[in-house]
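J.: turn this into a model:
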Amino acid sequence: MARIAKDARPGPSVYEPGHPDADANGMVSLPNVNLYEEMADMIVASRTYEANLAVLKNGRAMALQALSIGKH
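T.: You can find the predicted model right below:
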């Protein structure tokens, strides 16, 4: 990851004049969260974590095997 940046895309607006968050025109601004993008990012992060954990486990196993060579 190179950097973290705020998403500047505006969220969708819906016409609901009776809503407590409606503006003077009756429009309610909704959050710009895209569930599909968030789910894909979560899966990538999870798989990256699992891959890094596997590398650490294999590195530890190899180091232990290297240490056991000198004992025999």
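
J.: roughly how far does L64 sit from A54?
T.: Distance of L64 to A54, given as Cβ to Cβ, to the nearest Å: 16 Å. Every C-beta, even on glycine, is put in place using the N, C-alpha and C of the backbone.

J.: what of S29?
T.: 43 Å.

J.: next: Y15.
T.: Distance from Y15 to A54, by Cβ to Cβ: 51 Å.

J.: re earlier: same drill for S29 and A54, tell me which one is more crowded.
T.: S29 (13 against 10; other Cβ atoms under 10 Å).

J.: need the contact list for that one.
T.: Going by Cβ atoms under 8 Å, 6 or more residues apart in numbering, S29 touches 10-13, 21, 23.

J.: farthest pair within these?
T.: Largest separation among the contacts of S29 by Cβ to Cβ: P10 and D21, giving 15.1 Å.

J.: which residues of this structure fall in strands?
T.: Taking DSSP state E, the strands of the chain run over residues 13-15, 27-29.

J.: the last one: partners in the sheet, and parallel or antiparallel?
T.: The strands beside strand 27-29 in its sheet (DSSP bridges) come out as strand 13-15 (antiparallel).

J.: where does the chain have low pLDDT?
T.: By pLDDT under 70, the weakly predicted segments of the chain are 72.

J.: what ranges do the helices span in this structure?
T.: Ranges of helices in the chain, per DSSP state H, are 35-69.

J.: still on that earlier bit, in CSV: the contacts of S29, plus distance to V44.
T.: What follows is these, written out as CSV (distance: Cβ to Cβ, whole Å):
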residue, distance to V44
P10, 25
G11, 23
P12, 25
S13, 30
D21, 33
D23, 36
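
J.: could I get those as a markdown table with neighbour count?
T.: Shown next, in a markdown table, are the contacts of S29 (neighbours: other Cβ atoms under 10 Å):
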| residue | neighbour count |
| --- | --- |
| P10 | 9 |
| G11 | 13 |
| P12 | 9 |
| S13 | 14 |
| D21 | 9 |
| D23 | 11 |
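
J.: R60: which of those residues is nearest?
T.: Out of the contacts of S29, the member with the shortest distance to R60 (by Cβ to Cβ) is G11, at 45.6 Å.

J.: the closest one and I69: what is the separation?
T.: In terms of Cβ to Cβ, G11 sits 60 Å off from I69.
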